[in-house]
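Trainee: take this sequence and fold it.
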Amino acid sequence: MEKSKIDEQRLLLLEARAGDLKSLDSLMESLKPTVTRIARSYFLTNGDSSDLIQEGMIGLYKAFLNYRLDSPVSFEQYATTCIRRQVISAVRSSLNQKNMPLNQYIGIGAQGGLMIENGDEIEDDDFEYVLPSEELTPEEKVLLIERTQELEKQIKSTLSEFELVVLNKYLRGESYKEIAKSLDKNEKSIDNAIMRIKTKLKFLED
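Mentor: As a prediction, this is how the structure comes out:
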């Protein structure tokens, strides 16, 4: 992260801690794209992402309350961890079972998903799956790696190239309007693509 951005967020944090509500609003707004990106990475296994965005904002506020100003880690890094933990906790709660299949805990693209170069090329090693790995046994970690590799192949073979591009941009937190503009499409076509993606990838819930 750029030093100027770190300094700006730190200043907002200090002012917000001093009781400046405008600074708090600005700080929360500056990290809302991060909340959206993380929440959307779970939309395939948890339906509507709007509730998870609210959970992510709760995680962000907890980060604001608990961040230590003398920490060597930037506020954004700390907040990202808090946001992700809050979202994962909400996903687990909604599943309402203690021992779910590993793939039910997997977030797709939580760090950007399918990375696309030059707008149309999809790299082979750019899927990232997020799970609280500190709670896994070594055997479970091996199973997770195998499962995520299998899911990656299934996703890429199931979606069209256009749908993969739309999925990548959606998981990055871009709005329908932004996606439509960058791909020279109308917003309805993007909405239809997202609906097709959710339908095609229902197998992730099995």
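Trainee: which ones are touching the closest residue to Tyr61 other than its chain neighbours?
Mentor: Closest residue to Tyr61 apart from its sequence neighbours, by C-beta to C-beta, 6 or more residues apart in numbering: Met28 at 7.3 Å. Just so you know, the C-beta spots here come from the backbone N, C-alpha and C atoms, and that holds for glycine as well. Met28 makes contacts with 57, 60-61, 64, as judged by C-beta atoms under 8 Å, 6 or more residues apart in numbering.
Trainee: how near is Met28 to Gly56?
Mentor: Distance, Met28 to Gly56, by C-beta to C-beta, to the nearest Å: 11 Å.
Trainee: for Thr199, same thing?
Mentor: 25 Å.
Trainee: same check, this time on Asn66
Mentor: Relative to Gly56, and taking C-beta to C-beta, Asn66 is found at 16 Å.
Trainee: neighbour count winner among these two?
Mentor: Gly56 (29 against 10; other C-beta atoms under 10 Å).
Trainee: is it true that the more buried one lies in a helix?
Mentor: Yes: under DSSP: H, G, I helix; E, B strand; the rest coil, Gly56 sits within a helix.
Trainee: OK, contacts around it?
Mentor: Here Gly56 is in contact with 35-36, 38-39, 83, 86-87 (criterion: C-beta under 8 Å, 6+ apart).
Trainee: what pLDDT does the model give it?
Mentor: Here, the pLDDT recorded for Gly56 equals 91.
Trainee: skip the chain neighbours and tell me the closest residue to it.
Mentor: Residue nearest to Gly56 in three dimensions, not counting chain neighbours: Val35, with 3.7 Å by C-beta to C-beta, 6+ apart.
Trainee: what strand or helix carries that neighbour?
Mentor: helix 32-40 (DSSP states H and E).
Trainee: least confident secondary structure element in this protein?
Mentor: strand 116-117 (a mean of 32; mean pLDDT, DSSP states H and E).
Trainee: if you average pLDDT over the helix holding Val35, what comes out?
Mentor: 87.
Trainee: check which residues of it are buried.
Mentor: The neighbour-count check on helix 32-40 (16 or more other C-beta atoms under 10 Å) flags 34-40 as buried.
Trainee: helices of the protein, residue ranges please.
Mentor: Under the criterion DSSP state H, the chain contains helices at 3-17, 21-30, 32-40, 43-46, 50-66, 75-95, 138-158, 161-171, 176-183, 187-200.
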